[in-house]
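Participant: I'll drop the sequence and a predicted model, then ask my questions.
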Amino acid sequence: MTSLVGTGVLLRFNLRRDRLMIPVWVAVNTLMVLSMPNTLKGMYGTEAERADLLDQVATNSSFRALIGPVFDDSLGALTAWRVGVYAGALAAVTGLLVVVRHTRDEEETGRQELLSSGVVGRRASLTAALLAAAVASGVLALLVTAGLAGQGVVGAVAFGLGLAAVGMLFATTAAIVAQLTESARLARGLTAGVLGVAFVLRASGDAASTDGSSVLTWLSPLGWLSQLRPFAGERWWVLLLFAAAIAGQGALAYVLAGRRDVGMSFVPTRPGPPVGRLGTAGALAWRLQRGGVLGWSVGFFLAGVVYGGLTDGVADLVGDNEKAREIFERMGGQSGITDAFLASMTGMLGLVAALYVVASVLRLHGEETSTRAEPVLANAVGRLRWASGHLVIAFGGSALIMLLAGLGFAVGYGKEVGPILGACLVQVAGVWVIGGLTVLLYGLAPRVAPLAWGVAGAVLLIGWVGPALDVPQAVLDLSPFGHLPKLPGGAMEWGPVLVLLGLAAVLVVGGLAGLRRRDLTT
């Protein structure tokens with residue numbers, strides 16, 4: 001078919017461009033999954049402990065909402081239960097990022113028009129983007145299947161295929177959204193919003209029933225993953241739901257792609273107000289990033305409410321399990337189990353906030369590579385003034401979302417408002433170090449600036465999986481979050497916080513100095 005001419009070349013090009021991003025996301029997801037069996041074996045090594053866990057989950061709707069129902073007491077089934085929802089969400093994020101990057105991003109920057117001037121079919125770019133997402137999902141499925149085969153080959157195959165199916169389903173969702181919008185940022189945001197709705201539907205359904213039979217669960221692709229029931233009497237027919245949804249969405253994306261011009265969309269961007277309100281570089285930066293700030297703020301507040309509501313029941317869930325208590329204490333400090341849980345959850349939100357600050361800082365990179373920065377800088381706007389507008393939103397926004405997370409904890413938990421707010425705000429120092437490193441990479445070497453995603457992914461992996469694997473403290477200390485005081489419950493240590501803030505300032509200054517001296521990317 002002439003509409004697919006050049007797909008192979010574009011696929012190789014896409015994989016070359018993603019030679020760092022895809023491996024990082026797949027590695028984080030794989031290691032998170034494969035770290036669970038040994039961890040769970042140490043925590044629930046006897047049949048009595050596993051049976052008690054099943055009883056506790058069945059009677060605790062909050063934990064079912066957070067993680068999902070559990071269908072069997074084998075290590076494989078417990079692994080699928082413990083990480084299934086989050087591994088599926090990470091696979092979905094990988095798929096949507098890859099597809100938007102190679103479709104709407106290319107059109108927005110003008111590179112797609114250049115590619116289309118050659119021997120490239122009308123639907124070749126979309127096909128190559130979906131195939132790149134399929135490669136990422138396929139590698140994830142193979143690694144997870146191989147790693148969990150010791151728990152049961154059939155269950156491992158089911159779980160691996162389920163994760164790949166979730167990734168491809170949201171890849172095709174992103175392919176549709178990319179046809180509807182003119183902005184890659186909006187395409188990513190809308191697809192992430194669909195993922196958020198899927199999580200909420202699954203959480204609501206699982207909280208309402210102990211076996212996932214709620215209608216709300218079946219309305220969510222993340223719910224389908226748990227209903228596949230790996231290692232617990234696999235329901236292979238659930239994969240047909242994924243296949244039908246992927247095929248239907250893919251077909252719709254192809255139809256839409258064939259009915260519009262390159263660079264155009266079915267939902268055009270609204271024109272700005274007739275009277276300008278963008279008199280400063282900071283106002284322009286706010287206009288460009290306000291949607292992202294709002295979305296992250298709402299998400300962090302709701303996450304705080306959910307985690308705060310779980311706090312009272314965490315002591316009952318952990319019980320006398322010394323291994324579970326040890327993991328919480330490694331993440332949250334040597335305080336009581338409630339304070340350790342709160343400290344570990346605020347620390348996890350801090351790790352996720354690092355992703356926000358990277359995305360926000362790299363908006364500078366996107367504005368530069370798309371040549372939208374040139375008209376701004378051609379006026380009486382210096383580079384530092386232009387960059388500062390975005391950096392204020394990046395660093396100030398990260399502090400804001402952590403503050404809102406603390407308020408959410410206060411609403412959900414209803415106790416220790418001051419200490420919880422302090423625990424959330426102290427994470428800002430670690431977040432700002434990651435943001436400062438991103439500024440440094442962008443300012444000195446914009447071509448490698450996307451490596452900041454890899455740094456954020458590595459920090460997330462260390463903080464998330466490291467305590468469960470009992471890795472040496474030296475490895476945990478590679479993350480700036482490993483040096484922060486464990487609050488609430490621990491003693492406030494200003495020394496490490498001030499050092500991290502100073503390091504972040506030095507990194508930002510270095511990045512801005514590099515930006516002043518180098519040429520703009522062409």
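Facilitator: Thanks, I have the structure now.

Participant: and the next helix or strand past the helix or strand of the chain with the lowest mean pLDDT?
Facilitator: The element with the least model confidence among the helices and strands of the chain, by mean pLDDT, DSSP states H and E, is helix 322-332, at a mean of 56. Sequence order places helix 337-361 as the next helix or strand after helix 322-332, per DSSP states H and E.

Participant: elements contacting that next one?
Facilitator: helix 281-318, helix 322-332, helix 383-413, helix 417-426, helix 428-444, helix 451-469 (3 or more CB pairs under 8 Å, 6 or more residues apart in numbering; DSSP states H and E). Placement of C-beta: from N, CA and C, glycine included.

Participant: which residues touch Gly147?
Facilitator: By CB atoms under 8 Å, 6 or more residues apart in numbering, the residues touching Gly147 are Thr30, Val33, Leu34, Ala156.

Participant: repeat that for 6 Å
Facilitator: By CB atoms under 6 Å, 6 or more residues apart in numbering, Gly147 lies in contact with Leu34.

Participant: for it, pull up the helix or strand it's in.
Facilitator: In this structure, Gly147 is located in helix 124-148 according to DSSP H and E.

Participant: before we move on, the earlier item: and the helices and strands packed on helix 337-361: which comes nearest Leu66?
Facilitator: When the helices and strands packed on helix 337-361 are compared by CB to CB, helix 281-318 sits nearest Leu66, at 6.4 Å.

Participant: measure Gly76 to Leu34 for me?
Facilitator: Applying CB to CB, to the nearest Å, the value for Gly76 to Leu34 is 12 Å.

Participant: ok, those two, which is more surrounded?
Facilitator: Gly76 (24 against 18; other CB atoms under 10 Å).

Participant: surely that one touches Gln151?
Facilitator: Yes. Between Gly76 and Gln151 there is a contact at 3.4 Å, judged by CB atoms under 6 Å.

Participant: list the buried residues of stretch 452-461.
Facilitator: Across stretch 452-461, burial judged by 16 or more other CB atoms under 10 Å covers Ala452, Trp453, Gly454, Val455, Ala456, Gly457, Val459, Leu460, Leu461.

Participant: ok, Gly167 to Ala208 distance?
Facilitator: Taking CB to CB, one finds Gly167 at 27 Å from Ala208.

Participant: the two: which is more packed in?
Facilitator: When neighbours are counted by other CB under 10 Å, Gly167 comes out ahead of the other of Gly167 and Ala208, with 31 against 16.

Participant: residues contacting stretch 414-427, please?
Facilitator: Contact with stretch 414-427 is made by Thr346, Gly350, Met402, Ala405, Gly406, Phe409, Ala410, Leu484, Leu487, Pro488, as judged by CB under 6 Å, 6+ apart.

Participant: export those residues to CSV and tack on pLDDT, distance to Pro419 and neighbour count?
Facilitator: Rendered in CSV, the data for these read as follows (pLDDT from 0 to 100; distance: CB to CB, whole Å; neighbours: other CB atoms under 10 Å):
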residue, pLDDT, distance to Pro419, neighbour count
Thr346, 87, 10, 28
Gly350, 90, 16, 27
Met402, 94, 14, 25
Ala405, 91, 14, 33
Gly406, 90, 10, 26
Phe409, 86, 10, 32
Ala410, 86, 10, 20
Leu484, 88, 14, 23
Leu487, 79, 6, 26
Pro488, 78, 4, 24
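
Participant: out of the residues you listed, which one sits closest to Gln249?
Facilitator: Nearest to Gln249 among those is Ala405, at 32.8 Å by CB to CB.

Participant: so what's that closest one up against?
Facilitator: Contacts of Ala405 by CB under 6 Å, 6+ apart are Phe300, Gly304, Leu349, Cys424.

Participant: compare those residues and tell me which is most surrounded.
Facilitator: Cys424 (30 neighbours).

Participant: now that residue: how far from His365?
Facilitator: Here the distance between Cys424 and His365 works out to 28 Å (CB to CB).

Participant: buried sites along the helix or strand encompassing Phe199?
Facilitator: In the assignment (DSSP H and E), Phe199 maps to helix 184-208. In terms of neighbour count (16+ other CB under 10 Å), helix 184-208 has its buried residues at 184-192, 194-195, 198-199, 201-208.

Participant: contacting residues for Leu219?
Facilitator: Shown in contact with Leu219 (CB under 6 Å, 6+ apart): Leu201.

Participant: before we move on, back to that, packing partners of the next helix or strand after the helix holding Phe199?
Facilitator: Using DSSP H and E, the helix or strand that follows helix 184-208 towards the C-terminus is helix 215-218. In terms of contacts (3 or more CB pairs under 6 Å, 6 or more residues apart in numbering; DSSP states H and E), helix 215-218 is packed against helix 184-208.

Participant: report all helices and strands that the helix it packs on contacts.
Facilitator: If you count contacts as 3+ CB pairs under 6 Å, 6+ apart, helix 184-208 packs onto helix 61-66, helix 75-102, helix 104-109, helix 153-180, helix 215-218, helix 221-227.

Participant: which helices and strands sit right next to the first one?
Facilitator: Other helices and strands packing on helix 61-66, by 3+ CB pairs under 6 Å, 6+ apart, are helix 184-208.

Participant: the helix it packs on to helix 281-318, inter-axis angle?
Facilitator: For helix 184-208 against helix 281-318, the angle by axes from the mean of the first three to the mean of the last three CA atoms, to 10 degrees is 20 degrees.

Participant: name the residues that touch helix 184-208?
Facilitator: Contacts to helix 184-208, defined as CB under 6 Å, 6+ apart, come from residues 61, 64-65, 68-69, 92, 96, 100, 104-105, 108, 173-174, 177-178, 181, 212, 214, 216-217, 219-223.

Participant: got the angle for it vs helix 337-361?
Facilitator: Relative orientation of helix 184-208 versus helix 337-361 (the same axes, to 10 degrees): 160 degrees.

Participant: and helix 184-208, how far out from the chain's middle?
Facilitator: From the chain centre to the centre of helix 184-208 is a distance of 12 Å (CA atoms, centre = their mean, to the nearest Å).

Participant: residues in contact with the nearest residue to Gly309 once chain neighbours are set aside?
Facilitator: In space, and not counting its chain neighbours, Gly309 is closest to Gly412: 4.0 Å by CB to CB, 6 or more residues apart in numbering. Gly412 makes contacts with Val305, Gly308, Gly309, as judged by CB under 6 Å, 6+ apart.

Participant: if you set the cut-off to 10 Å instead, what comes out?
Facilitator: Counting by CB atoms under 10 Å, 6 or more residues apart in numbering, Gly412 touches 62, 301-312, 420.

Participant: swap in Leu130?
Facilitator: Leu130 touches 7, 11, 95, 98-99, 102-103, 123, 168, 171-172, 174-175, 246, 250, 253-254, counting by CB under 10 Å, 6+ apart.

Participant: quick check: it vs Gly422, distance?
Facilitator: As judged by CB to CB, Leu130 and Gly422 stand 46 Å apart.

Participant: please apply the same query to Phe159.
Facilitator: In terms of CB to CB, Phe159 sits 39 Å off from Gly422.

Participant: between these two, which has more neighbouring residues?
Facilitator: Ranked by neighbour count (other CB under 10 Å), Phe159 and Gly422 place Phe159 first, with 31 against 16.

Participant: how about the nearest residue to that one, chain neighbours excluded?
Facilitator: Ranked by CB to CB, 6+ apart and with sequence neighbours excluded, the top spatial neighbour of Phe159 is Pro230, at 3.8 Å.

Participant: quick one: name whatever helix or strand follows the helix or strand hosting Phe13.
Facilitator: Using DSSP H and E, Phe13 sits within helix 7-17. Where DSSP H and E defines the elements, the next helix or strand beyond helix 7-17 is helix 21-34.

Participant: about what we covered before: buried residues in the helix holding Phe13, which are they?
Facilitator: Going by neighbour count (16+ other CB under 10 Å), the buried part of helix 7-17 is Thr7, Leu10, Leu11, Asn14, Leu15.

Participant: in JSON lines: those residues, plus distance to Pro496.
Facilitator: Converted to JSON lines, those look like this (distance: CB to CB, whole Å):
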{"residue": "Thr7", "distance to Pro496": "51"}
{"residue": "Leu10", "distance to Pro496": "47"}
{"residue": "Leu11", "distance to Pro496": "46"}
{"residue": "Asn14", "distance to Pro496": "41"}
{"residue": "Leu15", "distance to Pro496": "41"}
